[in-house]
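Peer 1: With the sequence up front, the predicted model follows.
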Amino acid sequence: MFGARPSPLCMGIPKTQVGEIAERGERTVPDPLATRAVHAGEEKHKPYGALTTPVVQTSTFTFADGAEIAQFMRRKAEGESTNRYEYGRYGNPTEQAAECKMAALEGGEQALLFASGMAAISTTLLALLSSGDHLVVTSDCYHRSREFARSFLTRWGIAVTLAPIDQPQALAAACTPRTRAIFAETPTNPYLRVVDLERVAAIAATRGIATIVDSTFATPVNLRPLEHGIDLVIHSASKYLGGHNDLLAGVVVGARQALTPIAHARGVLGGTSSPHDAYLLLRGLKTLTVRVARQNENGWRVAQYLEGHPAVRRVWYPGLASHPDHAVAQRQMCGFGGVVSFEIAGGFDETSRFIDRLQLPYIGPTLGGVESIVQQPAALFSLRVEDRQAAGLKDNLVRYALGIEDADDLIADLQQALCGVCA
Ligand SMILES: Cc1ncc(COP(=O)(O)O)c(C=O)c1O
């Protein structure tokens, strides 16, 4: 819909053979991505000869005199690049370096950094949609994205339809002449369902609809949605991109033309990131390919181990042939990720006790960092059984977001904790 894509930055990244990955239980990181993760977006020669990009911790940027202001205002009025910063809500050098690195990793022309993934999602949708428009959201997506669409956008006269992710006909049928955007997420949480992006892009292209994909669980290492014809990629950078559970940020990547109204909306709504978080994100991104390669390997090893275990009823991992979207994942992704969900042979209480017996992972609601984190989605969602059932969250489901620990140690820990389920 927005034209001017894909960016030349994304060309030449060889697609990894996912079939081979499955057999070896490990993945090969495309080398250009690893190099971009370290170098892209940052000047070689930085202030003071520093090796790392400085944290420009300032709220504003000053002018020398009235003549400089006049020149700045004239350039802005004529739509020219001003080559300078003005006020922190509109941009900052540290944030811009992180944005350029993310654009290079996703293969987009430009990226915009936000205070959180939700700030990125809400600002993007508000920028693109107006009263009277219609939005299609794939039903299996982060519950706050769904909530924003259904409880907030609808208040401003934007109609919203939820469509199942695995039925392209239903997605096409949900589109109306007023549909302006399709918002999808892949892989999803917690069942790791995989959306066929080329089918989504094809449905949208014939109707002039913008496509937005939340690719938080995949990272650009495992999936680059722009290569599959998607217009905008969104991440909660608080997860794998930051990678150390020490920052909140969000990012949107796409063609410059598509991002212009979103950049303007960010300046108005104020969901800007902070220079310090941008610095942490830049640092985290340098090791992204190495971390995700290890997390893919851990995911694969743990999923295989669990699938054969008598105390486990079912494993949800897109790398396994038993996953309903395995074929799409094989075709579309370069690696299957570090999150494995599985159902314990037992109910709510047995599952809670199993999690309590695990010794390595932390218990908590996030994912994507170097430390493994486990949770029982039902327990964190609601105290009411009806709510959990309505959300499709099984009481015996465990979501295990693997960190970068040694796979043998993670499996040994699972083994001892699962013994208690069988006993
Ligand atoms: C898939 C996905 N998208 C978006 C978000 C929101 O990101 P943030 O917490 O950075 O606002 C989350 C958070 O858990 C998520 O899992």
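Peer 2: Nice, I can see it. Residues are numbered from 1 along each chain as shown.
Peer 1: Going by C-alpha atoms from here, please, whenever you check contacts or count neighbours.
Peer 2: Noted.
Peer 1: Helix or strand next in line after the longest helix anywhere in the chain, which one?
Peer 2: In terms of residue count, the longest helix belonging to the chain (DSSP state H) is helix 288-307. Past helix 288-307, further along toward the C-terminus, the next helix or strand under DSSP states H and E is strand 312-316.
Peer 1: Now do the buried residues in the following helix or strand past that following strand.
Peer 2: Next along the chain after strand 312-316, taking DSSP H and E as the criterion, comes helix 326-332. By neighbour count with 16 or more other CA atoms under 10 Å, helix 326-332 contains the buried residues His326, Ala329, Gln330, Gln332.
Peer 1: of all the residues you listed, which comes closest to the ligand?
Peer 2: Comparing the buried residues of helix 326-332 against the ligand with CA to the nearest ligand atom picks out Ala329 as the nearest, at 16.9 Å.
Peer 1: show me the contacts for the closest one.
Peer 2: Shown in contact with Ala329 (CA atoms under 8 Å, 6 or more residues apart in numbering): Val194, Pro318, Gly319, Phe336.
Peer 1: Scan the residues you listed and report the most crowded one.
Peer 2: Phe336 (33 neighbours; other CA atoms under 10 Å).
Peer 1: Any figure for the gap between that one and Tyr240?
Peer 2: According to CA to CA, to the nearest Å, Phe336 and Tyr240 sit 14 Å apart.
Peer 1: Ala173 now?
Peer 2: Per CA to CA, Ala173 is found 34 Å from Tyr240.
Peer 1: more crowded one of those two?
Peer 2: Higher neighbour count among Ala173 and Tyr240: Tyr240, with 29 against 11, using other CA under 10 Å.
Peer 1: The more buried one and Ser274, how far apart?
Peer 2: To Ser274, Tyr240 is 18 Å away according to CA to CA.
Peer 1: Then Ser139?
Peer 2: For Ser139, the distance to Ser274 - CA to CA - is 32 Å.
Peer 1: Looking at those two, which is more packed in?
Peer 2: A direct count of neighbours by other CA under 10 Å for Ser139 and Ser274 places Ser274 higher, at 25 against 18.
Peer 1: For that one, give me the backbone phi and psi.
Peer 2: In terms of degrees, to the nearest 10, the main-chain angles of Ser274 are phi -120, psi 150.
Peer 1: and the buried residues of helix 326-332 as a markdown table, adding distance to the ligand?
Peer 2: As requested, those are exported to a markdown table (distance: CA to the nearest ligand atom, whole Å):
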| residue | distance to the ligand |
| --- | --- |
| His326 | 19 |
| Ala329 | 17 |
| Gln330 | 20 |
| Gln332 | 18 |
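Peer 1: And the strands in the stretch 1-150 of the chain?
Peer 2: Assigned by DSSP state E, counting those that start in this stretch, the stretch 1-150 of the chain shows strands spanning 110-114, 134-138.
Peer 1: residues touching the residue of the stretch 251-400 of the chain found nearest the ligand, list them.
Peer 2: Going by CA to the nearest ligand atom, the ligand is nearest to Thr366 of the stretch 251-400 of the chain, at 6.1 Å. The contact partners of Thr366, taken as CA under 8 Å, 6+ apart, are Lys239, Ile373.
Peer 1: mind checking the SS state of it?
Peer 2: coil (DSSP: H, G, I helix; E, B strand; the rest coil).
Peer 1: Look up how far Asn245 lies from it.
Peer 2: For Thr366, the distance to Asn245 - CA to CA - is 8 Å.
Peer 1: before we move on, what about Ala67?
Peer 2: With distances taken as CA to CA, Ala67 is found 45 Å from Asn245.
Peer 1: which one of these two has more residues nearby?
Peer 2: Neighbour totals were compared for Ala67 and Asn245, and Asn245 leads with 16 against 10 (other CA under 10 Å).
Peer 1: show me what contacts that one?
Peer 2: Contacts for Asn245 (CA under 8 Å, 6+ apart) come out as Ser238, Lys239, Gly368, Gly369, Val370.
Peer 1: hmm, 6 Å instead?
Peer 2: Asn245 sits next to Gly369 when contact means CA atoms under 6 Å, 6 or more residues apart in numbering.
Peer 1: cool, and the one 4 residues further on?
Peer 2: Ala249 makes contact with Phe114, Ala115, Ser116, Gly117, Ala237, Ser238, according to CA under 6 Å, 6+ apart.
Peer 1: same question, Gln57
Peer 2: Residues counted as contacts of Gln57 (CA under 6 Å, 6+ apart) are Pro275.
Peer 1: Can you check what pLDDT the model gives it?
Peer 2: With respect to pLDDT, Gln57 scores 98.
Peer 1: Over to the one 5 residues further on?
Peer 2: Here, the pLDDT recorded for Thr62 equals 98.
Peer 1: How many neighbouring residues does the spatially closest residue to it that is not a sequence neighbour have?
Peer 2: Nearest residue to Thr62 in three dimensions, chain neighbours excluded: Glu86, at 7.3 Å (CA to CA, 6 or more residues apart in numbering). Glu86 has 16 neighbours, counted by other CA under 10 Å.
Peer 1: how close does Glu86 get to Met73?
Peer 2: 11 Å.
Peer 1: Identify the residue of the stretch 151-300 of the chain closest to the ligand, quick one.
Peer 2: Ser236 (4.2 Å).
Peer 1: Check the gap between the closest residue in space to that residue that isn't next to it in sequence and the ligand for me.
Peer 2: Counting by CA to CA, 6+ apart, Ser236 lies nearest to Gly117, which is 3.9 Å off, once chain neighbours are set aside. Distance, Gly117 to the ligand, by CA to the nearest ligand atom, to the nearest Å: 3 Å.
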